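Q: quick one, structure for this:
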Amino acid sequence: MPYDVFVSYPHVDRGWVEESIARPLAGALKGDGSRARVFFDTYSIRGGSDWRATIDSEIRAAARFVPVWTKAYWESPICRQELETAMSCDPSQKRRFVVPVWDGNAEIPGALARLQAHRTDLRNFLELLMRDLDLRSSTGGDGIEWLFESIQGWDRDRGGRKLFRIARENAGNLSDIGRLAGHRDGVQGLACGPEPNLLVSAGMEDHRNWKSSVAIWEANTGRLTRSIACEHSGRVALSADGSTSLVAGYNLCSQVDLRSGREVRQLLGPCAAIFPNGQQAVTGTLNGMVVCYDLRSGEAQSAFGRSVTPVPTLWQRIRRRRPASIVVAHDSSVSGLAVTPDGARIFSKDWSGTLKCWDCATRTEKSARRIPSFQYSPIVMAPDGGALYWDGGRLDIETDEVRQFRAAESTGHVHDVAVSNDGSLVALAASESGLVVIDASTGQTLFQKSDFEDILWTVAFSPDQRRIFCGGGHQREHDWLSTGIYVLGVVGSVV
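A: Just a heads-up that it's a prediction; the model follows:
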């Protein structure tokens, strides 16, 4: 059977060509519902066959020939021969058989320069090619509303030379890719990884009856793989192996086993963080407690802070009963928790903006400071443990230096904070400014997008930093509704 698209490329560019051109096209559907057939030599040539004859015959039989014009392409005799074969199939280009992609740097020889080559927007190129071949997204309306893994910030630094400057030259925009249809009454928590293709979301399905769920998605295709009913909906914490999730609620959090698809138990506290070993977690409560739990048994292991006797309730006063002492870490409700990668220290933040550091071995307070922060905003540890972030700034763990974000004063109430895997970008989900992406080193705003239908409550980076997932909800009369999980591409960023 002939191929719909023949991709011609130099092997030095194989990685990004496969990821950003061949795979998106191979994921499309034809009018009869079958998959589009894409010739990519690594997978399309059988062992023991005459590869030269196979390539020549498949080029002549294909519906379209897509050469990827880079400097390496013109330096490859095999690539030039493939192009000559393709040009001989349609010398006048009446049926637009040859559809080139050009990096904008390589010099195009002779008469080939007259061919229209897609240079600055490969997403648009893929869309036009799909339309020309009558192809459509394989995910359709079932989940995500886009086909591509692209919008990837295709600046690739190889030996000091940057190959593709994709999308816009100003490197300061976010591009809409699509939406994931899920959590009808509001998306309240998102987390990605550690697997590159794992996205976990938490949200309300029926807020009037307090029905919530946790959804597991394939991040690169948007396919919903599992939906798990649970008691609570809020921020999501993931274990290092991606097997366990803690979903925070108002005063409790749900421990969800993502592999078995069931809610295991409920732990005390509306915010939580999981230790790197995946066997312990720390939760913060409304009365200022910070408690460590064993996730295997659900038993509380220890608490941080000082012992206090709470004010007796009316019921206790009537019966003249003394309330039991508790160990509290803060004087107000705990809103954020983070654990260092070595599991030696815990950071906690309360509604008043007090940030504390605790030694896990001795359960003693190491430091305390006041930070400018919205009361409900969380704190997030950089993956390498070098810095701690919140809505108003960052703390350098080694030097103990605090740096404020310049954009923090104008964002409004920040409901969630996310940090990219390399610690270079910080994303804020804000009530007034929508999504704000900040340079972590300088504190300056890089991207901002506010034209959302929903008030944003949560945000997460994909592990490759090329996509940002965010979600929330909006009020209609007496109901809360959600338009889904927004998927944005970081356009023009350097990867």
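
Q: quick one: contacts for residue 418?
A: Residue 418 sits next to 380, 426-427, 429, 459-461, 468 when contact means C-beta atoms under 8 Å, 6 or more residues apart in numbering. Glycine gets a C-beta too; all of them are placed from N, C-alpha and C.

Q: and of the residues you listed, the nearest to residue 186?
A: Comparing the contacts of residue 418 against residue 186 with C-beta to C-beta picks out residue 429 as the nearest, at 12.8 Å.

Q: I'd like to know how far the closest one sits from residue 63.
A: According to C-beta to C-beta, to the nearest Å, residue 429 stands 43 Å off from residue 63.

Q: neighbour count for the two, which is higher?
A: residue 429 (29 against 15; other C-beta atoms under 10 Å).

Q: give the bridge partners for that one, please.
A: When bridges are assigned using DSSP bridges, the partners listed for residue 429 are residue 416, residue 435.

Q: could you tell me the end-to-end distance of stretch 454-468?
A: One end of stretch 454-468 sits 16 Å from the other (C-alpha to C-alpha, to the nearest Å).

Q: so which elements touch the host helix or strand of residue 43?
A: Assigning secondary structure by DSSP states H and E places residue 43 in helix 41-44. Contacts defined by 3 or more C-beta pairs under 8 Å, 6 or more residues apart in numbering; DSSP states H and E place helix 41-44 against helix 51-61.

Q: can you do 7 Å?
A: If you count contacts as 3 or more C-beta pairs under 7 Å, 6 or more residues apart in numbering; DSSP states H and E, helix 41-44 packs onto no helix or strand.

Q: quick one, helices of this structure?
A: When secondary structure is read from DSSP state H, the chain shows helices at 14-17, 23-26, 41-44, 51-61, 71-75, 77-89, 122-132, 314-318.

Q: pLDDT of the fourth one, averaged?
A: Okay, so that is helix 51-61. In this model, helix 51-61 has an average pLDDT of 90.

Q: what's next to the helix holding residue 43, contact-wise?
A: By C-beta atoms under 7 Å, 6 or more residues apart in numbering, the list of residues contacting helix 41-44 from outside is empty.

Q: now with 8 Å, please.
A: Outside helix 41-44, the residues within contact range by C-beta under 8 Å, 6+ apart are 3, 14, 18, 51, 55, 58.

Q: now the residues you listed in JSON lines, with neighbour count and distance to residue 433?
A: As requested, the contacts of helix 41-44 are exported to JSON lines (neighbours: other C-beta atoms under 10 Å; distance: C-beta to C-beta, whole Å):
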{"residue": "3", "neighbour count": "19", "distance to residue 433": "47"}
{"residue": "14", "neighbour count": "14", "distance to residue 433": "40"}
{"residue": "18", "neighbour count": "17", "distance to residue 433": "37"}
{"residue": "51", "neighbour count": "14", "distance to residue 433": "55"}
{"residue": "55", "neighbour count": "20", "distance to residue 433": "52"}
{"residue": "58", "neighbour count": "20", "distance to residue 433": "51"}
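
Q: which one among the residues you listed gets closest to residue 221?
A: The shortest separation between residue 221 and any of the contacts of helix 41-44 is 15.7 Å, and it belongs to residue 18 (by C-beta to C-beta).

Q: would you confirm that the closest one contacts residue 40?
A: Yes: under the criterion of C-beta atoms under 8 Å, residue 18 is in contact with residue 40, at a separation of 6.5 Å.

Q: so what's residue 219 up against?
A: With contacts defined as C-beta under 8 Å, 6+ apart, residue 219 is in contact with 192, 196-199, 462, 467, 469.

Q: highest neighbour count among these?
A: residue 199 (28 neighbours).

Q: hey, what's that one bridged with?
A: The bridge-partner assignment for residue 199, based on DSSP bridges, gives residue 192, residue 217.

Q: any idea how the chain splits into domains?
A: The record's domain parsing of the chain by automatic domain parsing lists 5-138, 173-491.

Q: lowest average confidence across those domains, which one?
A: Averaged per stretch, pLDDT over the domains of the chain is lowest on domain 5-138, reaching a mean of 77.

Q: returning to what we had before: in JSON lines: the contacts of helix 41-44, plus distance to residue 265.
A: Supplementary listing: those in JSON lines, determined by distance: C-beta to C-beta, whole Å:
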{"residue": "3", "distance to residue 265": "52"}
{"residue": "14", "distance to residue 265": "47"}
{"residue": "18", "distance to residue 265": "43"}
{"residue": "51", "distance to residue 265": "57"}
{"residue": "55", "distance to residue 265": "58"}
{"residue": "58", "distance to residue 265": "56"}
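
Q: which of those sits closest to residue 419?
A: Proximity of the contacts of helix 41-44 to residue 419, judged by C-beta to C-beta, is greatest for residue 18, which lies at 28.7 Å.

Q: from residue 44, how far off is the closest one?
A: As it turns out, when the distance is counted by C-beta to C-beta, residue 18 lies 12 Å from residue 44.

Q: now do residue 320
A: According to C-beta to C-beta, residue 320 stands 83 Å off from residue 44.

Q: which one of these two is surrounded by more residues?
A: Set side by side, residue 320 and residue 44 give different neighbour counts by other C-beta under 10 Å, the larger being at residue 44 (17 against 7).

Q: quick check: the gap between the more buried one and residue 2.
A: Between residue 44 and residue 2 the distance is 12 Å, computed by C-beta to C-beta.

Q: common neighbours of the two, please.
A: In the contact map built from C-beta under 8 Å, 6+ apart, the residues linked to both residue 44 and residue 2 are residue 58.

Q: one step back: out of the helices of the chain, which one sits most buried?
A: Per-residue neighbour counts averaged over each of those give the maximum for helix 23-26, namely a mean of 21 (mean count of other C-beta atoms under 10 Å).

Q: and the pLDDT at residue 165?
A: At residue 165, the pLDDT value in this model is 28.

Q: what of the one 3 residues further on?
A: Per-residue confidence at residue 168 stands at 27 (pLDDT).

Q: give me the beta-bridge partners of the residue nearest to residue 284 when sequence neighbours are not counted?
A: For residue 284, the nearest residue in space outside its immediate sequence neighbours is residue 334; the separation is 2.7 Å by C-beta to C-beta, 6 or more residues apart in numbering. Taking DSSP bridges, one obtains residue 350 as the residues bridged to residue 334.

Q: ok, now the one 4 residues further on?
A: Residues found in beta-bridge contact with residue 338 (criterion: DSSP bridges) are residue 347.

Q: next, work out how far apart the nearest residue in space to residue 133 that is not next to it in sequence and residue 474 are.
A: If the residues on either side of it in the chain are set aside, residue 133 comes closest to residue 4, at 5.7 Å by C-beta to C-beta, 6+ apart. Summarising the geometry, the distance separating residue 4 from residue 474, computed by C-beta to C-beta, is 41 Å.
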